[in-house]
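> Curious how this folds, go ahead:
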Amino acid sequence: MREMFSRKKAIKPDISIIRIVNTLIERLALQIFETYARDLVKEDESYIIYATWGAKESGHLTEIQESIHKKVDPEARAIYDSLRLGNIAESQSVAINSLIRGFVIFKILFMVERLRNQLGHSRSSENETVQQVLHHIRTIGCD
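Model (predicted):
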């Protein structure tokens, strides 16, 4: 890995897969955010983590969390498959899946926190205000 970033070597890695994966993750996170922003802005960070993974430490997921999971799970699998990793160890597969879902979670939480900052408070707001802010938010990173 160190050799890939070394200045001594003139090897340029093919970054097309990075662009593809990043775009897929960005689109997934944006889709979840746009669909559920009103709900997510009222919840704590663990809400989206449980929804993305489809499991809680105790209790059941809410209906909204289940809905989010049903959208995230197949997309996360498709992103994983797009990497065309071939025959790798199960532990490596789990690690890569964790990185993908973690990145999705990070992106969604970033958007939620930005929305909260624009609303000027942390957990609750009137729907009209949320709708106004959502209307004016400009997303960056997606093609």
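> Least confident secondary structure element in the chain?
helix 127-136 (a mean of 56; mean pLDDT, DSSP states H and E).
> Output the contacting helices and strands for the helix or strand harbouring residue 21.
Using DSSP states H and E, residue 21 falls within helix 16-40. With contacts taken as 3 or more CB pairs under 8 Å, 6 or more residues apart in numbering; DSSP states H and E, helix 16-40 sits against helix 63-82, helix 90-119, helix 127-136. All C-beta atoms are positioned from the backbone trio N, CA, C, and that covers glycine.
> Follow the chain on from it and name the next helix or strand.
As assigned by DSSP H and E, the chain's next helix or strand after helix 16-40 is helix 45-53.
> could you give the angle of that following helix to helix 90-119?
Per axes from the mean of the first three to the mean of the last three CA atoms, to 10 degrees, the angle that helix 45-53 makes with helix 90-119 is 140 degrees.
> Would you quantify the distance from the residue most central in space within the chain to residue 22?
Nearest to the geometric centre of the chain sits residue 104, at 1.5 Å (CA atoms, centre = their mean). To residue 22, residue 104 is 11 Å away according to CB to CB, to the nearest Å.
> Fine, thanks again, bye for now.
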